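In: next come a sequence and a model predicted from it.
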Amino acid sequence: MAERGVILKDGAIRRGLAAVRWPARVEVVGERPYIVVDVAHNPASLGALRQALETMFAGRRIILVYGMVATHDHRACTSLIAPLADVVIATTPQHVKPLPARTLAEEAARYATQVEVIDDRRAAVQRALALAHPDDVVVITGSFFLVGDVRDTLLRELSQQARTRA
C-alpha cells in the first residue's frame, strides 16, 4: 500500500484487524450457554478451532454438534476436535455426499466418553442445548452445510428469545 502512497500506522492496522468479523469462524452467537458456530471442515481449520476454544473457554464443559461430508478426512478431523469435547452429538449434514452420523460417532467414540447419534441437524442442536448448563459451551462444526443450515435458525431463535425477555 505504501507503494501507492497510502501510509497506515501499525496501530490503525491492529485496530482494523481486531474489528474484523468473519461469520461462522469461531462465531459466538449465544451466551448462557455459549454457542459457537464454525465452518471448520478440514484438519487445519479444526486444529485452529480447537486452539481458539482452548484459549477462549478453558475449563468449560464442551458439547460438540458435529457433522461432516464424506469427501473430507473425518478421521484426522475427529482426532483433533473430539478429545476436547465432553459430549459429542454426531449428526448428518444436508449434502449430496454426507458422512452418516453413525460413522462419525464411531470415530468420535475413540476420543470422547459420551457420544450420541442424532441424524436430524436441528434436533441435534436442540439436544445439545438441552444438555448444556449456563456456563457450558455448545460448538457446532464440521461442515459448511451443517453450520449454514442451523446458524440462521439459531440467530433468529436467540433474537426472538431476547425480545421476549426484554
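Out: Received it, and whenever you're ready, just let me know what you need. Residues are numbered from 1 along each chain as shown.
In: mean confidence score for the helix or strand residue 12 falls within?
Out: Using DSSP states H and E, the element containing residue 12 is helix 10-19. Across helix 10-19, pLDDT averages out at 70.
In: packing partners for the helix or strand that that helix is followed by?
Out: Using DSSP H and E, the helix or strand that follows helix 10-19 in sequence is strand 27-30. Using 3 or more Cβ pairs under 8 Å, 6 or more residues apart in numbering; DSSP states H and E, the elements in contact with strand 27-30 are strand 34-37, helix 144-165. Heads up, the C-betas are built off the backbone N, CA and C, glycines and all.
In: direction included, what does the shortest one pair against?
Out: Pairing partners of strand 34-37, with direction, according to DSSP bridges: strand 27-30 (antiparallel), strand 137-141 (parallel).
In: buried ones in stretch 58-67, by neighbour count?
Out: Residues of stretch 58-67 classed as buried: 61-67 (neighbour count, 16 or more other Cβ atoms under 10 Å).
In: just these now: which is nearest residue 114?
Out: Lowest distance from residue 114 to the buried residues of stretch 58-67 (Cβ to Cβ) belongs to residue 63, with 9.1 Å.
In: right, I'll leave it there.
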